[in-house]
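[1] Only the shape, not the letters, is given here:
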């Protein structure tokens, strides 16, 4: 999955995000609707689409959508 596809699919999971506003450079924690629920949604998204389990510390090590994508790629390699 490309970074662009990853971003688009993640945006669809985060229901309160206006379509087309999430970019690879977006710091997802700065989203005004960010909450611990979004963290759980991201963990479930990665598990479902990539069969990769992220823990809280791994998620905390990322800030942008691109950081998250790179982590998923690294763990899937």
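    It's in. Just so you know, these numbers come straight off a predicted model, no measurement behind them. Residues are numbered from 1 along each chain as shown.
[2] Can you tell me what sits against stretch 44-60?
    Defining contact as Cβ atoms under 8 Å, 6 or more residues apart in numbering, one finds that stretch 44-60 is touched by 1, 9-10, 13, 39, 42-43, 68, 71-72, 75-76. (C-beta placed from N, C-alpha, C; glycine too.)
[3] Filter these down to the ones in helices?
    In this view, the contacts of stretch 44-60 that belong to helices under DSSP state H are 9-10, 13, 39, 42-43, 68, 71-72, 75-76.
[4] on that earlier part again, and which of the contacts of stretch 44-60 is nearest residue 25?
    Checking these against residue 25 with Cβ to Cβ, the nearest one is residue 68 at 11.8 Å.
[5] and which of the contacts of stretch 44-60 is nearest to residue 61?
    Taking Cβ to Cβ as the measure, residue 61 lies nearest residue 71 of those, at 7.1 Å.
[6] The nearest residue to the closest one once chain neighbours are set aside: neighbour count?
    Spatial nearest neighbour of residue 71, chain neighbours left out: residue 62 (5.6 Å); criterion: Cβ to Cβ, 6 or more residues apart in numbering. The local packing of residue 62 (other Cβ atoms under 10 Å) involves 19 other residues.
[7] how about residue 62, what does it touch?
    Shown in contact with residue 62 (Cβ under 8 Å, 6+ apart): 68, 70-71.
[8] follow-up on the earlier one: nearest to residue 23 among the contacts of stretch 44-60?
    Among these, residue 10 lies closest to residue 23 (Cβ to Cβ), at 10.8 Å.
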